[in-house]
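Participant: Any chance you could fold what I've pasted below:
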Amino acid sequence: MAIPPEHNIVNSSWDNKRVSLSRSFLRDLEGLWAEVLKLAAVAEDAVDQSIQALCNGQGEFAEALTYHKRLMDGWEVQIEHECLRVLALHQPVASDLRRVAAVLKINGDLERLCNLAQHIAKRVKKLARDPEAFPIPEALENLAFVALSQIHDSLDALTQCNISRAQIVIDVDHQVDVDYRAVQVQLKLKIIHNPERINTWLRLVSTARNLERIANHAVKIAESVIFLKEGAILRHYATQGNT
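Facilitator: Residues are numbered from 1 along each chain as shown. Purely as a prediction, here's the structure:
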């Protein structure tokens, strides 16, 4: 049966609309990804500054990190709103939905990283009131540098979409647990043997907990990288199957 000409016109119009929506979706996704990578750079800088302040006893960094926090709060909300707009407008499915979901999750992890960096900076500012607080205990310094390394590696994996680097971050997480337990033991002994400085020890305990949480978020970001990459692989095989 011959297809009426007007039917071909309708189909052609619909195909053009679908192509237009697809291109718009890709532009929106690229924009989201670019914003998340910018946010990641700010979060990494905040964590780096807070840990350097802790290890060097520089309480004045707290004010600079307050600025980072205000900047990231607005940025994180903007990215979240954009993700919701993309979901409502384009209604992505399968691997495309996975990509938007990953952006939302990473966005939240980055915002919490900056929160934790600010918490550490505030503790450093208060620790500076105790002339004997610095240098910090060696076990805590080791934990700080392991956490910092985890953040650097996870965000490198994110930028490069590198599964191997992401997996290394996940594998190293056990070392964070070991270092965190060592800090807890050391600080508990200090509380027992030197209770008059309990405020200092408790601030260091809180700081250690924040460092452990920073490393946890590094692992979550690394897991999101793997989640994203697996989605890209699935999409590749689905495309191959349709050709």
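Participant: so I191 touches T200, yeah?
Facilitator: No: using CB atoms under 8 Å, I191 is not in contact with T200; the gap is 9.7 Å. All C-beta spots, glycine's among them, are computed from the backbone N, C-alpha and C.
Participant: Contacts for stretch 23-40, please.
Facilitator: Applying CB atoms under 8 Å, 6 or more residues apart in numbering, the contact partners of stretch 23-40 are 72, 75-76, 78-79, 82-83, 85-86, 89-90, 92, 96, 99-100, 103, 106-107, 110, 155, 158-159.
Participant: what about burial for the residues you listed, which qualify?
Facilitator: 72, 75-76, 79, 82-83, 86, 90, 92, 96, 99-100, 103, 106-107, 110, 155, 158 (16 or more other CB atoms under 10 Å).
Participant: and R197, how many neighbours?
Facilitator: For R197, the count of nearby residues is 15 (other CB atoms under 10 Å).
Participant: I'd like to check which residues are in contact with it.
Facilitator: Shown in contact with R197 (CB under 8 Å, 6+ apart): D130, E132, K190.
Participant: Mean pLDDT per helix and strand in the protein: which one sits at the bottom?
Facilitator: The least trusted helix or strand in the chain, going by mean pLDDT, DSSP states H and E, turns out to be helix 5-56, with a mean of 74.
Participant: Could you identify the helix or strand that succeeds that helix?
Facilitator: Counting by DSSP states H and E, the next helix or strand C-terminal to helix 5-56 is helix 61-90.
Participant: got the contact list for the closest residue to N194 other than its chain neighbours?
Facilitator: In space, N194 comes closest to W201 once its chain neighbours are excluded; the distance is 7.6 Å by CB to CB, 6 or more residues apart in numbering. W201 sits next to L187, K190, I191, N194 when contact means CB under 8 Å, 6+ apart.
Participant: Pull out the buried residues from those residues.
Facilitator: Buried by 16+ other CB under 10 Å: L187, K190, out of these.
Participant: so where is this structure shaky, pLDDT-wise?
Facilitator: 1-21, 62-64, 66-68, 231-243 (pLDDT under 70).
Participant: Try it again at 50.
Facilitator: Along the chain, the model assigns pLDDT under 50 to residues 1, 3, 6-20, 233-243.
Participant: In stretch 181-201, which residues are buried?
Facilitator: A182, V183, Q184, Q186, L187, K190, T200, W201.
Participant: Determine which two of those residues are furthest apart.
Facilitator: A182 and T200 (18.3 Å; CB to CB).
Participant: quick one on the thing from earlier: could you say which helix or strand holds the residue nearest to N194?
Facilitator: helix 198-242.
Participant: name the element V183 belongs to?
Facilitator: Taking DSSP H and E as the criterion, V183 maps to helix 163-193.
Participant: Run the angle between that helix and helix 198-242 for me.
Facilitator: Note on geometry: by axes from the mean of the first three to the mean of the last three CA atoms, to 10 degrees, helix 163-193 and helix 198-242 are set 160 degrees apart in direction.
Participant: and helix 163-193, what does it pack onto?
Facilitator: Using 3 or more CB pairs under 8 Å, 6 or more residues apart in numbering; DSSP states H and E, the elements in contact with helix 163-193 are helix 138-160, helix 198-242.
Participant: For F61, which non-adjacent residue is closest in space?
Facilitator: A53 (3.8 Å).
Participant: Kindly provide the distance from E35 to T207.
Facilitator: 30 Å (CB to CB, to the nearest Å).
Participant: More neighbours: these two, which one.
Facilitator: Taking neighbours as other CB under 10 Å, E35 and T207 compare with T207 leading, 27 against 18.
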